[in-house]
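In: Let me see the structure of the following:
(one chain, ligands or ions: 1)
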Amino acid sequence: MLLIRSLRSRLQRSSSSYAFSTAAAASAAAVQSERTIREGPRNDWSRDEVKGIYDSPVLDLLFHGAQVHRHVHKFREVQQCTLLSIKTGGCSEDCSYCPQSSRYDTGLKAQRLMSKDDVLQAAKKAKDAGSTRFCMGAAWRDTVGRKTNFNQILDYVKEIREMGMEVCCTLGMLEKQQATELKKAGLTAYNHNLDTSREYYPNIITTRSYDERLETLQFVREAGISICSGGIIGLGEAEEDRVGLLHTLATLPAHPESVPINALVPVKGTPLQDQKPVEIWEMIRMIATARIVMPQAMVRLSAGRVRFSMPEQALCFLAGANSIFTGEKLLTTANNDFDADRLMFKVLGLTPKAPSFSEQPPEMAAESQELAVASSSG
Ligand code: SF4
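Out: Numbers count the residues shown, from 1 in each chain. Prediction:
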């Protein structure tokens, strides 16, 4: 009898210490992803909360990113965007990673704005290959004083939208009026990356400020255009800077609808030519953290994808990425080709995301997205 009592008490002790160790082991990723699923998107994240998620054990972070992803999105759906450089090189800015800056000798030849025929032909090719969003990039600081070129781009936007594609532009800084004109032409989204944390930013760019970037995002938002804004890792930044970037994005008044996560592709001739390549685990940390803190955003696996194998990309999709850039080039650097991506979709059982053309004002769209999260069964 004494023996049974002693055994029972030992069992109780060990089961309560097991329960304690399980509870103590709950990572910040586990706690915060459950909260995201329960409460929906929030933009009052503290930097420590984001850091806690980012620093969680990587497999746990991946698992919880996947949980949020499955709860909020159709997890097999991946958006395909094609990015075309419509005006290459000769840029006055000094972004240390960029071969298009006129300050670095990278051998890149500056070109004028592409003709309408060439742009529309590229958009059609992208559409035929399954792309639903067409993004046009121009290597400019801003579009001020470029009235003729800007009007041409407005025309491209209208035409591509009429082809049934979502249209995105990345043309540098915008003024309020230009954002309004792009919206009128039918622009779906505007890309303007923050690149890195506010603290590390001056090490990468000195010709325009972080606040100027945020102001462009504000004009885009006010015009009712979706925001596409993310960053680049592998610039020599600390992990704290990656947390800082995600924290800034996740505490904007409304989260960006798209968050591209780029891995630096070092280009010879740029100040960052000797940076060591980003590892897949670093991408997974960024993607899963972005997924948990900005659950409704399209998290885009962007530049640098060409270096990752299909299984590595599969981990990124599992962690919460649901958008990619397709096409042989990403502005000026190499990208995965259409055939390789078609094969990947087949092998991984991914399905292309259809274009979406919500004409609701941003506040209403945000409300209906919240309802969608609340009613989603996963
Ligand atoms: S990233 Fe854009 S703004 Fe910066 S140098 Fe390149 S083209 Fe110019």
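In: going forward, measure contacts and count neighbours with C-alpha atoms only.
Out: Fine.
In: ok, the residue in the stretch 1-150 of the chain that the ligand sits nearest to - contacts?
Out: Residue of the stretch 1-150 of the chain nearest the ligand, by Cα to the nearest ligand atom: Ala139 (3.6 Å). Residues in contact with Ala139 (Cα atoms under 8 Å, 6 or more residues apart in numbering) are 85, 87-91, 100-101, 171-172.
In: need the residues of the stretch 51-200 of the chain near the ligand, please.
Out: Counting by Cα under 6 Å from any ligand atom, the residues of the stretch 51-200 of the chain lying close to the ligand are 91, 93-95, 98, 100-101, 139-141, 172.
In: Which one (most neighbours) among these?
Out: Gln100 (28 neighbours; other Cα atoms under 10 Å).
In: Help me confirm that that residue comes into contact with Cys91.
Out: Yes - here Gln100 lies in contact with Cys91, judged by Cα atoms under 8 Å, at a distance of 5.9 Å.
In: quick one, strands of the stretch 1-150 of the chain?
Out: Assigned by DSSP state E, counting those that start in this stretch, the stretch 1-150 of the chain shows strands spanning 77-87, 133-138.
In: now for the first one, which elements pack on it?
Out: What that stands for is strand 77-87. Counting contacts by 3 or more Cα pairs under 8 Å, 6 or more residues apart in numbering; DSSP states H and E, strand 77-87 is packed against helix 116-128, strand 133-138, strand 323-326, strand 329-330, strand 351-352.
In: Next up, phi/psi of Met298, please.
Out: phi -80, psi 120 (degrees, to the nearest 10).
In: What sits closest to Leu252 if chain neighbours are left out?
Out: Asn43 (6.6 Å; Cα to Cα, 6 or more residues apart in numbering).
In: so how far is Asp94 from that neighbour?
Out: To Asp94, Asn43 is 31 Å away according to Cα to Cα, to the nearest Å.
In: same question, Gly269
Out: To Asp94, Gly269 is 13 Å away according to Cα to Cα.
In: same check, this time on Arg213
Out: Separation of Arg213 from Asp94 (Cα to Cα) stands at 15 Å.
In: how about the helices and strands packed on strand 77-87 in CSV, adding mean pLDDT, mean neighbour count and distance to Lys276?
Out: Below are the helices and strands packed on strand 77-87 laid out as CSV (pLDDT from 0 to 100; neighbours: other Cα atoms under 10 Å; distance: least, Cα to Cα, whole Å):
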stretch, mean pLDDT, mean neighbour count, distance to Lys276
helix 116-128, 93, 16, 32
strand 133-138, 92, 24, 26
strand 323-326, 87, 25, 23
strand 329-330, 62, 18, 20
strand 351-352, 90, 16, 33
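In: Out of the ones you listed, the one nearest Val293 is which?
Out: Among these, the nearest to Val293 by Cα to Cα is strand 323-326 (16.9 Å).
In: now for the closest one, which elements pack on it?
Out: Strand 323-326 makes packing contacts with strand 77-87, strand 298-301 when contacts are defined by 3+ Cα pairs under 8 Å, 6+ apart.
In: Comparing the ones you listed, which stretch has the densest surroundings?
Out: Sort the helices and strands packed on strand 323-326 by mean neighbour count, taking mean count of other Cα atoms under 10 Å, and strand 298-301 sits at the top with a mean of 26.
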